[in-house]
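>>> any chance you can model this:
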Amino acid sequence: MPAKSSRDPLTEAFYVYLEGERNCSPRTLVNYRHALAEFRKFRPETAWRAATADDFRAFLFDRMKREQSRASIRLTFSALRSFYRFLMERKGLTLNPLVSVLLPKAEKQLPAFLTIKQVEELLAAPLTAPLEKQAPAWVPLRDAAILELLYSAGLRLSELAALNVNDLDPYSETLRVIGKGAKERVCPVGEPALLAISRYRQAAGVHNGPLFLNKSRRRLGAHSIWSRMKKYLRQVGLPATISPHKLRHSFATHLLDNGADLRSLQTLLGHSSLSTTQVYTHVTTDRLKKAYDQAHPRA
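Numbers count the residues shown, from 1 in each chain. Down below sits the predicted model:
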């Protein structure tokens, strides 16, 4: 647990800044709180302003001895670096001890994705599943609309959960999305997704406010959306460990496979850096090589 505000006003001010000014997602806030709490447990006697580069190198070495993944270590230090940038910008700190701390290079992991056939089976699942007891008749239509929209617009889970009715413009077939760092983008939406959303809204009587509702007619949360998707993954024989983010990966990979250019994909995904988008080129290049090896007589 993070230190209480009465004992650690710096971290509490940082969390207020993240939530209020940076508009960070609840998941990001949890990750940042955990990262700062882990260092506090490692060096409970060291004040934030007094921590040195050697303290953080020792913390890094401890994480490596515990065989934490590189990705986990880099995420922890990303949170710590953001905290120290905040201390320098808002709290008068003059020296950032993390500047000279070198981290292990990130492991190169290609994003996993579903095949088009797997996606089609998953998207069809809500309308073929038996209706749950005491569930409104519109729940399968809602779930179908959710899966269609995740794949059609390549949304992050948090982005989808935050959607309101007025974010969707069915006439221009576009969707206004608030992404990471409160950055706004406009995403095109395909006809199957628009039809699925229209059927759900008509059946559920959704005319304003949150786009996707739970049984109590409140906003459907990200955790519930993930839980619903797991149900349909099991139904079609896919691993329940596949996350909603894999539909975003599938969206990106399928677009590139069918000729979309990288700059357009960057805009659609809401990536601030093209280098983030370029990871998908490795996926498609790998598939091209396999196709070449299988098809070319002198490969």
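>>> longest helix of this structure, counting residues only.
Counting by DSSP state H, the longest helix found in the chain is helix 70-90.
>>> buried stuff in the helix or strand following that one?
For helix 70-90, the following helix or strand on the C-terminal side (DSSP states H and E) is helix 116-124. Using 16 or more other Cβ atoms under 10 Å as the test for burial, helix 116-124 gives Q118, V119, E121, L122, L123. C-beta here means a position set from N, CA and C on the backbone, and glycine is covered the same way.
>>> does anything pack onto helix 116-124? Which helices or strands?
Under the contact criterion of 3 or more Cβ pairs under 8 Å, 6 or more residues apart in numbering; DSSP states H and E, helix 116-124 touches helix 139-153, helix 245-257.
>>> what's the angle between the helix or strand following the shortest one and helix 245-257?
With elements assigned by DSSP H and E, the helix or strand that comes after helix 245-257 is helix 262-269. Between helix 262-269 and helix 245-257, the angle comes out at 150 degrees (axes from the mean of the first three to the mean of the last three Cα atoms, to 10 degrees).
>>> next up, phi/psi of the residue nearest the centre of the chain, please.
Nearest to the geometric centre of the chain sits R156, at 4.7 Å (Cα atoms, centre = their mean). The phi/psi pair for R156 (degrees, to the nearest 10) reads phi -70, psi 160.
>>> need the contact list for it.
R156 makes contact with G179, K180, H245, R248, G270, according to Cβ atoms under 8 Å, 6 or more residues apart in numbering.
>>> residues contacting the third one?
Spelled out, that is H245. By Cβ under 8 Å, 6+ apart, the residues touching H245 are R156, L157.
>>> how close does it get to L141?
23 Å (Cβ to Cβ, to the nearest Å).
>>> ok, G259 - how many residues close by?
6 (other Cβ atoms under 10 Å).
>>> tell me the confidence at it?
For G259, the pLDDT comes out at 83.
>>> then H296?
So H296 comes in at 67 (pLDDT).
>>> from now on call the first residue 782
Taking 782 as the first residue, the last one we looked at is H1077.
>>> any weak-confidence spans in the stretch 832-981 of the chain?
Confidence mapping of the stretch 832-981 of the chain against pLDDT under 70 gives the ranges 888-892.
>>> if you set the cut-off to 80 instead, what comes out?
In the predicted model of the stretch 832-981 of the chain, residues 887-893 satisfy pLDDT under 80.
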